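Asks: Structure, please.
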Amino acid sequence: MTATAMLDLKQRLGRLSEKERREMAAYLLRLKQESPAWKNEMSRRMREMDKGRKVRLTDLAKQLGHA
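Replies: Residues are numbered from 1 along each chain as shown. All right, here's what the predicted structure looks like:
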């Protein structure tokens, strides 16, 4: 994509309503999740969790100082 096309796209996105931006963000996230790199990373993380590398939600909250 050329720099001019990228600028045009950013300007158009900036003019969208909040609802339209949320819809666009959801679409971009879906595209990311369909990529082989994302799928490979999620598979790697799931294997790590299957090996026992997990954190309970309550423990995470404590680690983040929310408990």
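Asks: quick one: low-confidence parts of the chain?
Replies: When residues are selected by pLDDT under 70, those of the chain lie in 67.
Asks: centroid residue for it?
Replies: residue 29 (5.6 Å; Cα atoms, centre = their mean).
Asks: Beyond the helix or strand containing it, next helix or strand please.
Replies: According to DSSP states H and E, residue 29 maps onto helix 18-33. Per DSSP H and E, the first helix or strand lying C-terminal to helix 18-33 is helix 36-50.
Asks: With only the CA atoms kept, save that next one in PDB.
Replies: What follows is helix 36-50, C-alpha atoms only, in PDB (Å, rounded to 0.1, in the frame of the first residue of the first chain):
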ATOM      1  CA  PRO A  36      -1.300 -18.400  10.300                       C
ATOM      2  CA  ALA A  37       1.100 -16.600  12.600                       C
ATOM      3  CA  TRP A  38      -1.700 -15.800  15.100                       C
ATOM      4  CA  LYS A  39      -3.000 -19.400  14.900                       C
ATOM      5  CA  ASN A  40       0.600 -20.700  15.500                       C
ATOM      6  CA  GLU A  41       1.100 -18.400  18.500                       C
ATOM      7  CA  MET A  42      -2.200 -19.400  20.100                       C
ATOM      8  CA  SER A  43      -1.400 -23.100  19.600                       C
ATOM      9  CA  ARG A  44       1.900 -22.500  21.300                       C
ATOM     10  CA  ARG A  45       0.300 -20.800  24.200                       C
ATOM     11  CA  MET A  46      -2.300 -23.500  24.600                       C
ATOM     12  CA  ARG A  47       0.400 -26.200  24.700                       C
ATOM     13  CA  GLU A  48       2.200 -24.200  27.400                       C
ATOM     14  CA  MET A  49      -1.100 -24.000  29.400                       C
ATOM     15  CA  ASP A  50      -1.600 -27.800  28.900                       C
END
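Asks: quick check: angle from it to helix 18-33?
Replies: 80 degrees (axes from the mean of the first three to the mean of the last three Cα atoms, to 10 degrees).
Asks: Tell me which residues touch residue 51, please.
Replies: Contact analysis of residue 51 by Cβ atoms under 8 Å, 6 or more residues apart in numbering lists nothing. (Each C-beta comes from the backbone N, C-alpha and C, glycine too.)
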